[in-house]
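>>> model the structure of this input:
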Amino acid sequence: MKTVLAALLVLLAIGSHPPAAQQTFTISTSYQNFLSNAEGTGMLDLVLVEAFRRIGVRAQIVYTPTGQSLHDVNAGILDAEINRIAGMEAQFPNLRRLDEPNMTMDFVAFSSRPIGIGGWESIRDLDIGLVRGWKILEENTADFPHVTRLPTERELFTMLAKGRIDVALYDKLTGYAVIKDLGYDQLYHLEPPLERRDMYLYVNKKHEALVEKLSVSLRAMKQDGSYGRIVDAVLAEYGIALR
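Take a look at the predicted model:
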């Protein structure tokens with residue numbers, strides 16, 4: 001884990017009680033960036049592990065491909081899905097959503113050139129790329145004629161940089177992390193956002209009793225400043241700056 005983040009977690013733990021329960025709760029992530037990753041050092045990883053710790057549960061981040069993640073949590077193979085929009089329980093009836101959001105995402109179109117946009121319909125006739133399994137992006141472009149679905153964000157932004165698509169649809173914050181990592185300085189997001197949505201943790205229904213406790217725990221972290229300290233430290237550590 002990064003040195004700054006490790007020190008931050010030590011500070012967060014000062015004065016709090018160790019977990020009373022030894023249950024290991026598995027949180028599925030399909031990200032591989034500063035937001036969340038297989039190493040568990042992402043912004044949401046640190047926030048949620050701390051939220052669980054405060055209610056006496058040891059949580060572990062487990063990487064799962066995007067298309068498989070929700071299915072595994074719905075089936076009870078894994079315990080939670082890290083970051084999805086509201087309404088996923090309609091498709092996956094065994095999921096239960098926290099009331100308190102993890103974060104708010106701006107879903108935007110990235111491009112290498114100026115394009116005037118204003119909502120989903122304004123990009124209908126463009127050559128569009130998105131990462132397979134991002135439900136909000138797939139659902140809003142389901143009947144668009146020129147949509148390419150890629151397995152990873154690296155392939156998505158590489159296609160955009162090579163001019164093979166007009167726009168890449170992604171979350172604004174994590175999109176800039178990918179762009180920085182790949183060194184594609186010519187790419188930037190278009191305004192306004194296509195959609196702005198709160199994002200939530202989902203748990204399998206067998207853990208329904210934890211939903212309210214976790215919501216309260218997450219809300220308390222925002223109120224006492226620990227949530228903001230984690231976010232600020234991760235963004236600084238990864239050198240993430242929005243244009």
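>>> strands of this structure, start to end?
Counting by DSSP state E, one finds strands in the chain at the ranges 24-29, 58-63, 80-85, 95-97, 103-111, 128-131, 147-150, 167-171, 188-189, 195-204.
>>> could you name the helices and strands sitting against the second one?
What that stands for is strand 58-63. Taking 3 or more C-beta pairs under 8 Å, 6 or more residues apart in numbering; DSSP states H and E as contact, the helices and strands that strand 58-63 lies on are strand 24-29, helix 43-54. (Glycine included, C-beta is placed from N, CA and C.)
>>> among these, show me which one is buried the most.
Burial among these, expressed as mean neighbours by mean count of other C-beta atoms under 10 Å, is greatest for helix 43-54, which shows a mean of 24.
>>> which elements pack onto that helix?
Using 3+ C-beta pairs under 8 Å, 6+ apart as the contact criterion, the elements in contact with helix 43-54 are helix 3-13, strand 24-29, strand 58-63, strand 80-85, helix 211-224, helix 226-238.
>>> need the winner for burial among these.
Between the helices and strands packed on helix 43-54, the one whose residues have the most neighbours on average, counting mean count of other C-beta under 10 Å, is strand 80-85 (a mean of 23).
>>> partner strands of that strand, parallel or antiparallel?
Strands flanking strand 80-85 in the sheet, each with its direction: strand 24-29 (parallel), strand 195-204 (antiparallel) (DSSP bridges).
>>> could you measure from residue 112 over to residue 51?
The spacing between residue 112 and residue 51, counted by C-beta to C-beta, to the nearest Å, is 39 Å.
>>> which segments of the chain make up each domain?
3-103+198-238, 105-195 (automatic domain parsing).
>>> quick one: closest of the strands of the chain to residue 223.
strand 103-111 (15.7 Å; C-beta to C-beta).
>>> circling back: same list, the strands of the chain, but as a markdown table with distance to residue 181 please.
Putting the strands of the chain into a markdown table (distance: least, C-beta to C-beta, whole Å) gives the following:
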| stretch | distance to residue 181 |
| --- | --- |
| strand 24-29 | 17 |
| strand 58-63 | 17 |
| strand 80-85 | 19 |
| strand 95-97 | 30 |
| strand 103-111 | 14 |
| strand 128-131 | 15 |
| strand 147-150 | 16 |
| strand 167-171 | 13 |
| strand 188-189 | 15 |
| strand 195-204 | 21 |
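>>> just send these back as a markdown table, with distance to residue 222 and mean pLDDT too.
Below are these laid out as a markdown table (distance: least, C-beta to C-beta, whole Å; pLDDT from 0 to 100):
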| stretch | distance to residue 222 | mean pLDDT |
| --- | --- | --- |
| strand 24-29 | 19 | 96 |
| strand 58-63 | 18 | 96 |
| strand 80-85 | 16 | 94 |
| strand 95-97 | 17 | 98 |
| strand 103-111 | 10 | 96 |
| strand 128-131 | 28 | 97 |
| strand 147-150 | 34 | 97 |
| strand 167-171 | 20 | 96 |
| strand 188-189 | 26 | 95 |
| strand 195-204 | 13 | 96 |
